[in-house]
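Trainee: sharing a model prediction with you, sequence too.
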Amino acid sequence: MEIRQLRYFIAVAQEANFTRAAELVHISQPGISAQIRQLENDLGATLLDRSGRSVQLTAVGEVVLAHAKSVLSSMDSLRQAVDEMNGLVRGKLVVGMVTACTVQPLFDALSGFHLAHPGVEISLLEDDSAKLGEYVREGTVDLALIGAAHRAPDDLDGWQVISEPIVAAVPHEHPLAEKDGVTLAELSAFPLVCLPEGTGIRATLDEASAALGLTPTIALQASAPGAVMQLAERGLGVAVLSESMTGHQKGLKTVAITDADVPAVLALISAPTKSPALRELLLHCRQSFGEPAPTQVASLSGA
């Protein structure tokens, strides 16, 4: 049994798909399948049920998954302890970011960190905010840029980067284009185009609507804000995004949502236990985003 096999097994369990898991851990699909088979042979048990459309854990697989995560966590803690004793910054960092991320300060931080510490391998993972939060909790992602309603999860370290209202965006000939502001009830009379569930913008819309007893009709959803605006511009629904996302679309008018009291938040999050490499990357993030020094930034809940 090898440590890498446990990493591959966790990836397959997480993705429920060999191809996606192989992409996540940067190995070929036949390669990850062979390694999982070898792990099952070594343990003398079938860990994965491959009979359905998606890969599922067997009962034994569920037990092995919990122990595999514990083993990898212990290995990471061991490496961190040794690195701290030696004062070294090395290893690998996995950075998560929301799909279609265009936040320049994050890219600047990654660039500055890479120039300062070229020996540290950086991997990028795009996904929705809900999944990225889970990956950080599991330890498979070290740092993530996520969207959220109100604030980022209280159980993770980090800080708020942006807090702004959600707005509607409509073509200039749309009935709402004549208004400077619209209520959620008025907005609910029209089909909406929005980001999918699991994103911060969608969570903000759903939470603000639920607080008023409303259930908006989501006609279409797309993972990229640009796609949402393009669909709205072609009359397929009213776009709902954050204020900063809609500022450069000439074919749409931005209309304030007057009673959406839940802010859309963009935040950087990380697990409480940090390797020397992650601590260095966080320093670069704070410099790029213009945030206070680590001693002044306790958690998102205090930001």
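Mentor: Alright, I've got the coordinates.

Trainee: number of residues surrounding residue 23?
Mentor: 16 (other Cβ atoms under 10 Å). Every C-beta, even on glycine, is put in place using the N, C-alpha and C of the backbone.

Trainee: then residue 29?
Mentor: Residue 29: 14 neighbours (other Cβ under 10 Å).

Trainee: try residue 179
Mentor: Residue 179: 16 neighbours (other Cβ under 10 Å).

Trainee: what about the closest residue in space to it that isn't next to it in sequence, which SS state?
Mentor: The shortest distance from residue 179 to any non-neighbouring residue, by Cβ to Cβ, 6 or more residues apart in numbering, is to residue 255 (5.8 Å). Following DSSP: H, G, I helix; E, B strand; the rest coil, residue 255 is assigned to strand.

Trainee: from residue 178, how far off is residue 255?
Mentor: Residue 255 sits 9 Å away from residue 178, taking Cβ to Cβ, to the nearest Å as the criterion.

Trainee: could you pull out the strands for the stretch 151-300 of the chain?
Mentor: 157-164, 166-171, 181-182, 192-194, 218-221, 238-242, 252-257, 264-270 (DSSP state E, counting those that start in this stretch).

Trainee: the stretch 51-200 of the chain: helices as residue ranges?
Mentor: Ranges of helices in the stretch 51-200 of the chain, per DSSP state H, counting those that start in this stretch, are 59-86, 104-116, 129-138, 184-187, 200-211.

Trainee: next, the angle helix 129-138 makes with the first one.
Mentor: When you say that, I think you mean helix 59-86. Computed with axes from the mean of the first three to the mean of the last three Cα atoms, to 10 degrees, the direction of helix 59-86 lies at 70 degrees from that of helix 129-138.

Trainee: neighbour count: residue 255 and residue 178, which is higher?
Mentor: More neighbours surround residue 255 than the other of residue 255 and residue 178, with 22 against 11 (other Cβ under 10 Å).

Trainee: and the strands of the stretch 151-300 of the chain: which comes nearest residue 116?
Mentor: strand 264-270 (18.3 Å; Cβ to Cβ).

Trainee: put the alpha carbons of the closest one into PDB.
Mentor: Extracted in PDB, the C-alpha atoms of strand 264-270 (Å, rounded to 0.1, in the frame of the first residue of the first chain):
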ATOM      1  CA  ALA A 264     -22.900  38.800  -1.900                       C
ATOM      2  CA  VAL A 265     -19.500  38.200  -0.400                       C
ATOM      3  CA  LEU A 266     -16.200  37.100  -2.000                       C
ATOM      4  CA  ALA A 267     -13.700  35.700   0.500                       C
ATOM      5  CA  LEU A 268     -10.400  33.800   0.800                       C
ATOM      6  CA  ILE A 269     -10.700  30.800   3.100                       C
ATOM      7  CA  SER A 270      -8.200  28.300   4.400                       C
END
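
Trainee: what's in contact with that strand?
Mentor: Contact with strand 264-270 is made by 103, 106, 132-133, 136, 142-153, 156-166, 200-201, 204, 242, 278, 282, 285, 289, 300, as judged by Cβ atoms under 8 Å, 6 or more residues apart in numbering.

Trainee: hey, C-alpha coordinates of stretch 213-225 in PDB?
Mentor: Written as PDB, here are the backbone C-alpha positions of stretch 213-225 (Å, rounded to 0.1, in the frame of the first residue of the first chain):
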ATOM      1  CA  GLY A 213     -41.400  34.200   1.200                       C
ATOM      2  CA  LEU A 214     -40.600  34.300  -2.500                       C
ATOM      3  CA  THR A 215     -39.500  31.600  -4.800                       C
ATOM      4  CA  PRO A 216     -38.000  33.100  -8.000                       C
ATOM      5  CA  THR A 217     -38.300  31.300 -11.300                       C
ATOM      6  CA  ILE A 218     -34.800  30.400 -12.600                       C
ATOM      7  CA  ALA A 219     -35.300  30.000 -16.400                       C
ATOM      8  CA  LEU A 220     -31.600  29.400 -17.200                       C
ATOM      9  CA  GLN A 221     -28.400  29.200 -15.300                       C
ATOM     10  CA  ALA A 222     -24.700  29.400 -16.400                       C
ATOM     11  CA  SER A 223     -21.500  29.000 -14.500                       C
ATOM     12  CA  ALA A 224     -19.800  32.200 -16.000                       C
ATOM     13  CA  PRO A 225     -21.200  35.700 -15.300                       C
END
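
Trainee: which parts of it are buried?
Mentor: By 16 or more other Cβ atoms under 10 Å, the buried positions in stretch 213-225 come out as 214, 216, 218, 221-223, 225.

Trainee: just stretch 118-137 next, same as before
Mentor: Buried residues in stretch 118-137 (16+ other Cβ under 10 Å): 120, 125, 127-133, 135-136.

Trainee: domain ranges for the chain, per the record?
Mentor: With domains defined by the TED database, the chain comprises 3-66, 70-161+265-289, 164-262.
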